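> Build me a model from this:
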Amino acid sequence: MGKFGKWIAGGLGWVFLGPIGGILGFTLGALLDGQQAFQPGLGSRKTTTGDFAMSLLVLIAAVMKADGKVLKSELDYVKNYLIQSFGDDSAKEALGMLRDILKQEIPLDDVCIQIRQNMNYSSRLQLLHLLYGLSEADKRISKKEFDLIDRIASKMGISLKDKDSVKYMFIPKTDSAYKILELDPESSNDEVKTAYRKMAMKFHPDKVSHLGTDFQKFANEKFKKVNEAYSNIKKERNIA
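Take a look at the predicted model:
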């Protein structure tokens, strides 16, 4: 069993209920048939690694369906993304679940509300980072996909500034460094320093340590982008 199966077999909390649970019912049963370790944590408000992983798959499916069709090339990109992130076995499990999810109607607003009500803010930011990263993985920025991810961010309760901060980690523009730090180019040097400290704290990998080392490594990437943005602004302004 790959990581996805182990995360889920280790216990699910709140995703087993509500709209996400309805989407995943058959998929989970097929994956975990005969797995004695599976213990759904009914009523649990704590977000487990399995809760996060399954929420991610449902949102990935919604983004893939954004333009009304799912292409083989998109599945290939997702497969490569999952292999690089979690290994061959996990990618195989995740793709099997994803194919089942893609066949279903996804009540996206209800799914996002369930996530907002049960997942802490730092973990929701991490979900957003993964979705933008996947959308940009083929080096083509799809407006429909980005628009849908923007909507997901809003429905999950992510502030506009935080959404743009994560988004501009994947959009190469002249003012991206300022967007990442939630600033504009007219900000003072003191405002730049204050913003960096605030964002470094907000995006610190320790904020999502409960998701385990596999997902925490993506938080390290997000944290690195904040540091790169600050470094670029300091270089541009000759800030010591």
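> Give me the distance between the spatially most central residue of the chain and G133.
The centroid of the chain falls nearest to L127 when counting by Cα atoms, centre = their mean (1.9 Å). To G133, L127 is 11 Å away according to Cβ to Cβ, to the nearest Å. Placement of C-beta: from N, CA and C, glycine included.
> and the residue nearest to the centre of the chain, what pLDDT?
The model reports L127 with a pLDDT of 94.
> For it, give me its contacts.
Neighbouring residues of L127 by Cβ atoms under 8 Å, 6 or more residues apart in numbering: F52, S55, L56, L59, I115, M119, M156.
> and if you look at F146?
By Cβ under 8 Å, 6+ apart, the residues touching F146 are Y132, S135, K167.
> Hmm, the second one is touching A62, no?
Yep, that's S135 we're talking about. No. With contacts counted by Cβ atoms under 8 Å, S135 stays clear of A62, the gap being 11.6 Å.
> before we move on, the earlier item: which one of the contacts of L127 is nearest W7?
Taking Cβ to Cβ as the measure, W7 lies nearest F52 of the contacts of L127, at 8.2 Å.
> which non-adjacent residue is nearest that closest one?
Excluding the flanking residues, the one nearest F52 by Cβ to Cβ, 6 or more residues apart in numbering is L211, at 5.2 Å.
> Near that neighbour, how many other residues are there?
Here the number of neighbours of L211 (other Cβ atoms under 10 Å) works out to 24.
> And S231, by the same measure?
Neighbour number of S231 under other Cβ under 10 Å is 13.
> Show me which parts of the host helix or strand of S231 are buried, residue by residue.
Secondary structure assigned from DSSP states H and E places S231 in helix 213-237. Under the neighbour-count criterion of 16 or more other Cβ atoms under 10 Å, helix 213-237 has 214-216, 218-219, 222-223, 225-226, 229-230, 233-234 buried.
> okay, those in a markdown table with distance to L183 next?
Converted to a markdown table, those look like this (distance: Cβ to Cβ, whole Å):
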| residue | distance to L183 |
| --- | --- |
| D214 | 32 |
| F215 | 28 |
| Q216 | 27 |
| F218 | 24 |
| A219 | 22 |
| K222 | 17 |
| F223 | 17 |
| K225 | 14 |
| V226 | 12 |
| A229 | 9 |
| Y230 | 10 |
| I233 | 8 |
| K234 | 13 |
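> Identify, from those residues, the entry nearest to K202.
Among those, and counting by Cβ to Cβ, the member closest to K202 is V226, at 8.5 Å.
> residue contacts, that closest one?
I180, L181, Y196, M199, A200, F203.
> make it 10 Å
The neighbourhood of V226, defined by Cβ atoms under 10 Å, 6 or more residues apart in numbering, consists of 165, 169, 177, 180-181, 195-196, 198-204.
> Also L148?
Counting by Cβ under 10 Å, 6+ apart, L148 makes contact with L59, A62, V63, M64, K65, A66, D67, L108, L131, S135, S142.
> you'd agree the third one is up against K144?
This points to V63. Yes. The criterion here is Cβ atoms under 10 Å, and V63 meets it with K144 at 9.1 Å.
> Find the residues that touch each one of the two.
Residues touching both V63 and K144 (Cβ under 10 Å, 6+ apart) are S135.
> more neighbours, these two?
V63 (22 against 12).
> following the helix or strand hosting that one, which helix or strand shows up next?
Using DSSP H and E, the secondary-structure element containing V63 is helix 49-64. Downstream of helix 49-64, the next assigned helix or strand under DSSP H and E is helix 72-86.
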